[in-house]
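Colleague: Provide a 3D model corresponding to the input given below.
(one chain, ligands or ions: 2)
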Amino acid sequence: MNGTNGTEVRPKVLVPEKLSPDGLALLRKTLDVDEKKGLTPEQLIEIIPEYDALLVRSETKVTEALLQAGKKLKVVARAGVGVDNVSVPAATKLGIVVVNSPQGNIQAAAEHTIALLMSMARNIPDGCASTKAGKWERSRLVGVEVKGKTLGIIGLGKVGLIVARMARGLGMNVTASDPYASPQVAAANNVTLVPTLQELLPLVDFLTIHTPMLASTKGMMSTNEINLMKPGARILNVARGGIIDEIALLDALNSGHLAGAAIDVFSSEPPTKDAESTAAKLVAHPRCVATPHLGASTVEAQENVSIDVCEQVLDILSGALPRSAVNAPIILPAEYKTLQPFVKLVEKIGSIYMQHFTSSSTTTSPFRNHFDLIYEGDLASMSSTKPLFAALIKGLLSPISDSAGLNINIVNAEALAKERGIFVNEQKSRDPSGPSPYSSLVTLVARPPSRPNSVTRIAAEDLASKGSKSQHIISGYISDNRPFISRLDRFSTSFVPADGATLLICHNYDAPGKIGVVGSILGREGVNINYMSVAPASFPGDNKFLPGSGVHTPSLSGGEADGQKMREGQKEALMILNVDGGVGQDVVRELIGAGGVLSVSVVSL
Ligand SMILES: NC(=O)C1=CN([C@@H]2O[C@H](COP(=O)(O)OP(=O)(O)OC[C@H]3O[C@@H](n4cnc5c(N)ncnc54)[C@H](O)[C@@H]3O)[C@@H](O)[C@H]2O)C=CC1
Ligand SMILES: O=C(O)C(=O)COP(=O)(O)O
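Modeller: Numbers count the residues shown, from 1 in each chain. Ligands and ions are numbered 1, 2, ... in the order given. The predicted model follows:
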């Protein structure tokens, strides 16, 4: 880069956290690297305009405001897995690439989990402190063995699988709940997969969590869930603070229902020092082993992640594509104009499937890992549909993983789908099968691993008689270069799945007053509605209530449990609301409690 007076200006990199010098040494050859620790958010915003790249771990909150202030920023590199401290949608909007290191510290995180498991089982921290204090408390510190015990894993992804293998090595039985995990991978690792969290919890002696922090996993272990665990069970969290509700955990330790907890991560880090706070009481609890977010803190992991992300920063600043970009483009510039709207459409269809039709704790609508992806009309004449395939895989995986959705592109999509046990059968038909005013239509059918659907079978308006209960359908089209969703199962609709939008999809009786009920609950909870539309059940022959349309979390589907299940002949509809910001589980619960609302899903696009 040249400055105004012709002198060479080296791009600048800001490193506000402790990163291993191995990667930084690579940068120093061509870039100016400023390591500045202990900056306040205000100080960061003040100096960020000077920098071309920002390198962080989990402590720096990379907010929209910070990104906006970073006028020269081209890349934010997260030296680790979780990108929940980075506002990825804001970065994407601003054209800033976000990269991470999806593999570099997973062994370290898994080993830390096992270290905590054994420390908790054998009272190591307590024994150490007591011995150092000059005591010799052998009878107070009797532990338990892990051999022959059942370890429950929530989230059988990269870290979860390594933990599973190590726990098998310790002689433990391993059972897992992960609605999106491949049954083949689980079986190959001697892990028993159970369909729901509710089924897992009563089985386990130890429970460990390895999901990302997502809207759907926040607070997933709360009082109801902890109460399903055996008295005397023990719990670990090396994933993210807040996935286990800290108040519920403290209560369970105080009541003695849980015999122990081992916690590496907290909902606010570092936890407040106020002795009266829940986090402080948790840390101080005699049966809680606590570490200060050390999962990734090994020399090896820090070298790995530092080198991984620094190489990617160099790639980006030199104009090359990075290997693990969270928000990298799937298509090449030459294809952009024609393909981009369809890539976006297919990605959104995948994302809506995962968030609207599947849920961690539902038995009625399990994740279907077999898909038909059907292109009708002009789209069928495309020579290669690879970008659309990659977009589907990205759309499916992004809502459930902060690493799997990351580096998906046309080169690696197939391998990632295989790793996850996802099968996609692509079909093309130049003649639209139904009366469609659009030149191209894309339909996704999620189904059990049976015979693929053909274009004509899907188009036929007799889905009910063909067993649609076990499958889900989403269709969409492009109009004016914008993607539209036109069908969600038997409901016809027309809305733009806009980037960054939050949708609230309510399945309800089609009767007067429903909109008012939902509107007033949302108004009371301070949730602003931008627009709403009602999607009638308009695919003939299929207007009965089908279990599994929408998120049917047993604990949340009070409406149906209270006798609100649709009866034959009763009219139904989907109410699709575009709302501002997040919608908590408490609001969802309240909506389902309201007369006539059968189920609710929250979809973040
Ligand atoms: N304490 C620490 O220092 C570290 C913490 N981590 C945390 O561990 C998390 C997991 O990392 P990886 O294994 O690399 O991610 P991954 O993406 O490979 O695996 C996550 C798994 O969670 C599953 N999942 C998503 N939603 C679920 C739900 N509702 N119920 C059950 N399973 C669900 C996904 O299907 C996936 O298999 C990261 O997101 C990060 O937050 C990672 C490294 C270090
Ligand atoms: O990689 C992750 O997700 C981690 O949680 C590690 O965080 P850290 O880089 O140690 O601040």
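
Colleague: if I pick the residue nearest to residue 51 when sequence neighbours are not counted, what's in contact with it?
Modeller: Closest residue to residue 51 apart from its sequence neighbours, by CB to CB, 6 or more residues apart in numbering: residue 14 at 4.4 Å. Just so you know, the C-beta spots here come from the backbone N, C-alpha and C atoms, and that holds for glycine as well. Under the criterion of CB atoms under 8 Å, 6 or more residues apart in numbering, the contact list for residue 14 reads 34, 36, 47-48, 50-51, 53-55.

Colleague: what about 6 Å?
Modeller: Under the criterion of CB atoms under 6 Å, 6 or more residues apart in numbering, the contact list for residue 14 reads 34, 51, 54.

Colleague: Can you classify whichever residue of the chain sits closest to ligand 2 by secondary structure?
Modeller: For the chain and ligand 2, the shortest gap (CB to the nearest ligand atom) falls at residue 80, measuring 2.6 Å. Counting by DSSP: H, G, I helix; E, B strand; the rest coil, the backbone at residue 80 sits in coil.

Colleague: wait, it sits on residue 296?
Modeller: Yes. Taking contacts as CB atoms under 6 Å, residue 80 lies within contact range of residue 296: 5.5 Å.

Colleague: list the contacts for the residue positioned nearest the centre of the chain?
Modeller: With distances taken as CA atoms, centre = their mean, residue 400 lies nearest the centre of the chain, 3.0 Å away. Going by CB under 6 Å, 6+ apart, residue 400 touches residue 180.

Colleague: Quick check on it: phi, psi?
Modeller: phi -110, psi 0 (degrees, to the nearest 10).

Colleague: any idea how far it lies from residue 236?
Modeller: 21 Å (CB to CB, to the nearest Å).

Colleague: same question, residue 275
Modeller: Taken as CB to CB, the span from residue 275 to residue 236 is 24 Å.

Colleague: So for the two, which residue has more residues nearby?
Modeller: Per other CB atoms under 10 Å, whichever of residue 275 and residue 236 has more neighbours is residue 236, with 26 against 9.

Colleague: Confirm the more buried one sits in a strand?
Modeller: Yes. Under three-state DSSP, residue 236 sits within a strand.

Colleague: per-residue confidence for it?
Modeller: On pLDDT, residue 236 comes in at 98.

Colleague: so where does residue 483 fall, helix or strand?
Modeller: Assigned by DSSP states H and E, residue 483 belongs to strand 482-488.

Colleague: for residue 12, what are its contacts?
Modeller: Residue 12 neighbours (CB under 6 Å, 6+ apart): 32, 50-52.

Colleague: hmm, 10 Å instead?
Modeller: By CB atoms under 10 Å, 6 or more residues apart in numbering, the residues touching residue 12 are 31-34, 47, 50-54, 72.

Colleague: any idea which of those residues is the one closest to residue 286?
Modeller: Of all those, residue 286 sits closest to residue 54, with 40.7 Å by CB to CB.

Colleague: Give the burial count for the closest residue to ligand 1 within the stretch 151-300 of the chain, as a bare number.
Modeller: Ligand 1 sits closest to residue 157 of the stretch 151-300 of the chain, with a gap of 1.7 Å, by CB to the nearest ligand atom. If you count neighbours by other CB under 10 Å, residue 157 ends up with 24.

Colleague: Residue 222 too?
Modeller: 17.

Colleague: so what's it closest to, chain neighbours aside?
Modeller: Counting by CB to CB, 6+ apart, the residue nearest residue 222 is residue 245, at 4.1 Å.

Colleague: wait, doesn't the one you found sit right on residue 225?
Modeller: Yes. Contact criterion CB atoms under 10 Å: residue 245 and residue 225 qualify, at 8.7 Å.

Colleague: what residues do those two have in common as contacts?
Modeller: With CB under 10 Å, 6+ apart, residue 245 and residue 225 have common neighbours residue 219.

Colleague: Kindly indicate the member of the contacts of residue 14 with the most neighbours.
Modeller: Neighbour max across the contacts of residue 14 (other CB under 10 Å) = residue 54, 27 neighbours.

Colleague: can I get the CA coordinates of the helix or strand harbouring that residue in PDB?
Modeller: Per DSSP H and E, residue 54 falls inside strand 53-56. Presented in PDB, the C-alpha positions along strand 53-56 are these (Å, rounded to 0.1, in the frame of the first residue of the first chain):
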ATOM      1  CA  ALA A  53      -7.500  -5.900  10.900                       C
ATOM      2  CA  LEU A  54      -8.600  -6.800  14.400                       C
ATOM      3  CA  LEU A  55      -7.500 -10.000  16.100                       C
ATOM      4  CA  VAL A  56      -9.500 -11.100  19.200                       C
END
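
Colleague: If you count contacts, what does it end up packed against?
Modeller: Applying 3 or more CB pairs under 10 Å, 6 or more residues apart in numbering; DSSP states H and E, one finds that strand 53-56 contacts strand 12-15, helix 21-28, strand 32-35, strand 75-78, strand 97-99, helix 299-317.

Colleague: Excluding covalently adjacent residues, which one is nearest to residue 103?
Modeller: Nearest one to residue 103, counting by CB to CB, 6+ apart, is residue 158 at 7.0 Å.

Colleague: residue contacts, the one you found?
Modeller: 81, 102-103, 106-107, 109-110, 210, 401, 403-404, 419 are the contacts of residue 158 under CB under 10 Å, 6+ apart.

Colleague: tell me the two of those residues that are most distant?
Modeller: Taking CB to CB as the measure, the contacts of residue 158 have their most distant pair in 109 and 419, spaced 18.6 Å apart.

Colleague: Between these two, tell me which one has more neighbours.
Modeller: Set residue 109 next to residue 419 and count neighbours by other CB under 10 Å: residue 109 wins out with 26 against 13.

Colleague: Skipping its backbone neighbours, what lies nearest that one in space?
Modeller: residue 295 (4.1 Å).

Colleague: who are the neighbours in contact with the one you found?
Modeller: Contacts of residue 295 (CB under 10 Å, 6+ apart): 58, 80-82, 105-106, 108-113, 115-116, 159, 237-239, 264-265, 301.
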